[in-house]
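> Give the three-dimensional model of this entry:
(2 chains)
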Amino acid sequence: MPAIEFLSVTKRYPDGTVAVSSLDLAIEPAEYVCLLGPSGCGKSSTLRMLAGLEEVSEGELRLDGRAINGLPAQRRDMAMVFENYALYPHLNVFDNIAMPLVARGRAASEICTRVARVAEALQISDLLKRYPAQLSGGQRQRVGVGRAIVRRPSTFLLDEPFGHLEAYLRLQLRAEFRRLHERLGTTTLHITHDHEEAAAVSDRIAVIEQGRLQQFGTFLELLDNPVNRFVAEFIGSPPINLLPAQLTGSENGPCVKVGPAKVPLPMARTAGLSQAVASEQLTFGVRPEDVYFDTQDTSETLFGDVVAIEPQGDFSLITVDITVGTIRAMMSSTTILRRGQRVGLRFDVSRAHLFAADGHSLLVPPVRPAGKAR
Amino acid sequence: MREATIPPPASRHRSVGHWRPLRTGGLLAVAVAFVGWCVFPFYIMITTALKTDPQIFAWPPVWLFHPVLRNMQNAFFVVGGRSALFFLMNSIIVTAVSTILAVLLGSMTAYGLARFHFPGDRNIAFFILSTRFAPPVAFVIPTYVLVERVGLLDTRLALIIVYTAANVSFVTWILRGFFVDIPKEIEEAALVDGYRHIEIFWRVALPLIKPGVITTGILCAVFSWNEFLYAMILTQSRASTLPVYLSQFSGSTTLVWDQYMAVGVIAVLPVLLAAWWLEKHLVRGMTFGAVR
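Prediction:
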């Protein structure tokens, strides 16, 4: 039985805005799930409905199989970490962390030991007497986390917990959150608009756009098999290359025409293609790591000029201007290139994507060879 | 013409540096004059209370004298059968109880209006404000009749009820703004932490606006302490407050200056002490909204 279930949940605000549109989502016990999407996509409303801070307009919300639509927030046994920390400014760190225990009428001695233990785990033991105004952002968020984990809630709700933090602190806290989850095993719902953060902390990611769930799966599933153009664009760094394309035929089967090049598609991946899309303006998507340089001049080679070289360490990111757009390719830094150089490009079609005019993916998902991470 | 009087930037810069000591001195002089203007009546009141009758009316005024405590003693222990102490107690009880009640009821009303939306909430807010539209003197006769009918004439309870009613609307409107300014997430965090709304009010919202509560409390207390009209009409002797007692010193032909001033000192002193004690809250409360 899923720990948390959204059954056709819709959130409509009094002004008529539909923030969440018939959302179906099932989160397994002890799972760490990220709600990923651009700002204003409805992920916050989703979390707030689960927390009991917003009412559900339609549909049913279940916690351990029990409908909780009408259950007030204070009786849902969830703990939340807020983007702007939402600490109690008039209480010191100790009292802030102790508040959920005080609400439950725990004995003073128990409160003391539990707060002390949590403070130690989060390395804020020396801050217990300070007030929130005297803390840095990272310290405040640790206190916010401490307040959430001091009791054993059924669910953690994290609303952009790293939103206001500096980059290096985010990286550090990401790892800490994941470690904490491994240790506590509490079902967690984490909101973010950063796909790298989502990939780093979560078991599964739910991509949401305009109040609708686009795709729900592991990071690699979303990366390899995006159901539509939005997911393909949103997941992956550096972002996927998208080029206008048309479907044509050849003696070897269906081909994609990208600019002057004709790229043959592997038979195994064309099963779902129908003639209906032949006349449509399609989009060919290929990730920078699946672009290769090619010195041969074949019908499937695209030619262009190198316009930018961004060294990233082991590899460099090369931007190539072609007639129908620009392509970014990931190259080993040992390859010597210079700006303005004319190069030929080929694609790993076994891992490329083709999107219909309405955005949905047309090709059969690629099979990721076992052991290959990216 | 006017443009010609503005010096060029360079020379103006130099002239500011040159005139600075003079400007500071001028500002200081103005400040001293203003403070003197405000404090002088208090000085006269206090010294008059400590002078003998001939000294009070001496011309030129007597600046150096041996203070006598006879007037203060008279004020406290004799004068007209009842001492000022009795009226001081009335004033303290009426002010304290009505202020606590007004802040308590007003803050709860304000919290409700700030945080919950229900049909007619705006109308209720406006109604509460509208109770202050008319001058209080317009309600004196109806209030007298009401108080007389329920048999509360010349009781402290009557004054407590009237002052609380007058202050609740004021407290509600001031504190509503303070409650609205509290970030919603803090209260949402408390909800998720397991607190009910009434607990959030006591444990989170009210402590957060403590400076505002103290400021409005002081203003309510000052109002109740100084109120004369209703106290005059609704009390005769048993429940009279200090302002009523003070008014009895001005006879039709004479004023008993020394005792009048002695009671005046007694009337002013508690307010001064309270303001001095709560000064830091008063200043913070006034700037609370601006610099959160």
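
> Please count neighbours and contacts with C-alpha atoms only from this point.
Fine.

> Tell me where the model's unsure across chain B.
Low-confidence segments of chain B (pLDDT under 70): B:1-17, B:77-81, B:251-252, B:282-292.

> Leaving out chain neighbours, which residue sits closest to residue A:74?
Nearest residue to residue A:74 in three dimensions, chain neighbours excluded: residue B:194, at 3.9 Å (CA to CA, 6 or more residues apart in numbering or on different chains).

> can I assume that neighbour is in contact with residue A:73?
Yes. Shown here, residue B:194 and residue A:73 form a contact pair, counting by CA atoms under 8 Å, at 7.3 Å.

> quick one on the thing from earlier: the residue nearest to residue A:74 - how many residues pack around it?
By other CA atoms under 10 Å in any protein chain shown, the residues close to residue B:194 number 25.

> What are the buried residues along stretch A:170-179?
For stretch A:170-179, the neighbour count (16 or more other CA atoms under 10 Å in any protein chain shown) marks A:170, A:173, A:174, A:178 as buried.

> Kindly report the residues of chain B close to chain A.
B:185-186, B:188-196, B:204, B:207-208 (CA under 8 Å from any CA of the partner chain).

> Give me the distance between the two termini of stretch B:205-213.
Stretch B:205-213 has an end-to-end distance of 11 Å (criterion: CA to CA, to the nearest Å).

> Closest residue of chain B to chain A?
Nearest residue of chain B to chain A (CA to the nearest CA) works out as residue B:194 at 3.9 Å.

> give the contact list for that residue.
Applying CA atoms under 8 Å, 6 or more residues apart in numbering or on different chains to residue B:194 gives the contacts A:73, A:74, A:75, A:77, A:100, A:103, A:104.

> at 10 Å what do you get?
A:72-79, A:99-104, B:188, B:200 (CA atoms under 10 Å, 6 or more residues apart in numbering or on different chains).

> Those residues in helices, which ones?
Residues of those located in helices (DSSP state H): A:99, A:100, A:101, A:102, A:103, B:188, B:200.

> Now do the host helix or strand of residue B:148: which elements does it pack against?
Assigned by DSSP states H and E, residue B:148 belongs to helix B:140-149. On a contact count with 3 or more CA pairs under 10 Å, 6 or more residues apart in numbering or on different chains; DSSP states H and E, helix B:140-149 meets helix B:156-181, helix B:229-234.

> could those helices be laid out in TSV, adding distance to residue B:221?
Formatted as TSV, the helices and strands packed on helix B:140-149 follow (distance: least, CA to CA, whole Å):
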stretch	distance to residue B:221
helix B:156-181	9
helix B:229-234	15
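
> Can you say which of these is packed in most?
helix B:156-181 (a mean of 21; mean count of other CA atoms under 10 Å in any protein chain shown).

> hmm, back to that, mark which of the buried residues of stretch A:170-179 are part of helices, please.
A:170, A:173, A:174, A:178.

> how about the last one, what does it touch?
Yep, that's residue A:178 we're talking about. By CA under 10 Å, 6+ apart, the residues touching residue A:178 are A:32, A:184, A:200, A:201, A:202, A:203.

> Chain neighbours aside, what residue packs nearest to residue A:228?
Nearest residue to residue A:228, sequence neighbours excluded (CA to CA, 6+ apart): residue A:360, at 4.1 Å.

> how deep is that neighbour tucked in, by neighbour count?
Residue A:360 has 16 neighbours, counted by other CA under 10 Å.

> got it, and the one 5 residues further on?
Other residues near residue A:365 number 19, with proximity taken as other CA under 10 Å.

> ok, the residue nearest to it when sequence neighbours are not counted - contacts?
Computed as CA to CA, 6+ apart, the closest residue to residue A:365 that is not its neighbour in sequence is residue A:225, at 5.4 Å. Residues near residue A:225 by CA under 10 Å, 6+ apart: A:215, A:217, A:219, A:231-232, A:351-353, A:361, A:363-368.

> Could you check how far residue A:225 is from residue B:101?
In terms of CA to CA, residue A:225 sits 66 Å off from residue B:101.

> next one: residue A:167
51 Å.

> Tell me which of those two has more neighbours.
Neighbours were counted for residue A:167 and for residue B:101 using other CA under 10 Å; residue B:101 has more, 19 against 10.

> Looks to me like the more buried one is in a strand.
No. Counting by DSSP: H, G, I helix; E, B strand; the rest coil, residue B:101 falls outside a strand, being helix.

> residues in contact with the residue nearest to it when sequence neighbours are not counted?
Nearest in space to residue B:101, with sequence neighbours left out and distances taken as CA to CA, 6+ apart, is residue B:164 at 6.3 Å. The contact partners of residue B:164, by CA under 10 Å, 6+ apart, come to B:94-95, B:97-103, B:105-106, B:158, B:171, B:220, B:224.

> swap in residue B:43?
Counting by CA under 10 Å, 6+ apart, residue B:43 touches B:36, B:49.
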